[in-house]
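Colleague: Any chance you could fold what I've pasted below:
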Amino acid sequence: MAFAAPLALVAGIAGAGVSAVGAIEGGQAQANAANYTAQVAANNATIARQNAAYAEAAGQAHAAATSLRGAATGGRIKAAQAASGIDVNTGSAVAVQEGQRETSKLDTETVLNNADLQAYGYRSQATSFQSQSELDRLQAEQATTGADIGAAGGLLGSASAVGLKWSQLGNKS
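Modeller: Predicted coordinates for the structure are as follows:
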């Protein structure tokens with residue numbers, strides 16, 4: 001029994017140390033997980049920005065094709081009018097040609113607008129992912145700080161308890 005009290009004190013000190021190391025390791029694990037998710041979010045932001053650029057480029061290409069189709073249609077209309085013996089430079093023939101050009105222009109602008117909207121959606125998504133990445137990186141920083149503070153608090157609490165037991169042991173002698 002004479003060994004039990006000092007052994008309990010040693011066990012208390014060892015337990016405090018193990019608990020502190022566990023808190024620090026747990027904080028590091030949380031930091032690692034947060035850093036991983038931060039990198040995933042940063043990668044997603046990069047992909048979203050690339051998708052925005054691709055959407056714009058595809059929209060430009062589609063708009064160019066739409067414009068060319070409209071020009072071809074305009075040429076067919078004018079050729080058909082001429083083949084019918086209509087004066088293609090006066091009256092309703094000009095109005096039909098102008099209407100077709102306006103329709104083609106509207107189609108081209110619609111394609112460009114849709115591509116811009118899609119690119120805007122991707123850029124918004126990229127901003128959201130980037131914000132999440134920054135939030136996760138802050139969480140990683142705070143996890144290690146919190147673990148260190150928790151470990152220090154645990155050590156101080158255990159030291160206080162060991163000191164109290166030590167003084168009680170000394171008073172019994």
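
Colleague: need the longest helix for the chain.
Modeller: Longest helix in the chain by number of residues (criterion: DSSP state H): helix 91-172.

Colleague: what pLDDT does residue 30 get?
Modeller: The pLDDT attached to residue 30 in the predicted structure is 86.

Colleague: Also residue 112?
Modeller: Predicted confidence (pLDDT) for residue 112: 96.

Colleague: got the angle for the helix or strand where residue 82 lies vs helix 91-172?
Modeller: If you go by DSSP states H and E, residue 82 is part of helix 4-83. Compare the direction of helix 4-83 with that of helix 91-172 by axes from the mean of the first three to the mean of the last three CA atoms, to 10 degrees and you get 180 degrees.

Colleague: which secondary structure elements does helix 4-83 contact?
Modeller: In this structure, helix 4-83 packs against helix 91-172, with contacts taken as 3 or more CB pairs under 8 Å, 6 or more residues apart in numbering; DSSP states H and E. (Each C-beta comes from the backbone N, C-alpha and C, glycine too.)

Colleague: What is the helix it packs on packed up against?
Modeller: helix 4-83.

Colleague: ok, and the closest non-adjacent residue to residue 114?
Modeller: Using CB to CB, 6 or more residues apart in numbering and skipping residues adjacent in sequence, the residue nearest residue 114 is residue 59, 6.8 Å away.

Colleague: if I pick the one you found, what's in contact with it?
Modeller: When the contact criterion is CB atoms under 8 Å, 6 or more residues apart in numbering, the partners of residue 59 are 111, 112, 114, 115, 116, 118, 119.

Colleague: For the fifth one, give its distance to residue 76.
Modeller: Counting by CB to CB, to the nearest Å, the gap from residue 116 to residue 76 is 30 Å.

Colleague: again, but for the first one
Modeller: Distance check for residue 111 against residue 76: by CB to CB, it reads 21 Å.

Colleague: okay, those two: which has more neighbours?
Modeller: Each of residue 111 and residue 76 has its neighbours counted (other CB atoms under 10 Å); residue 111 has more, 20 against 11.
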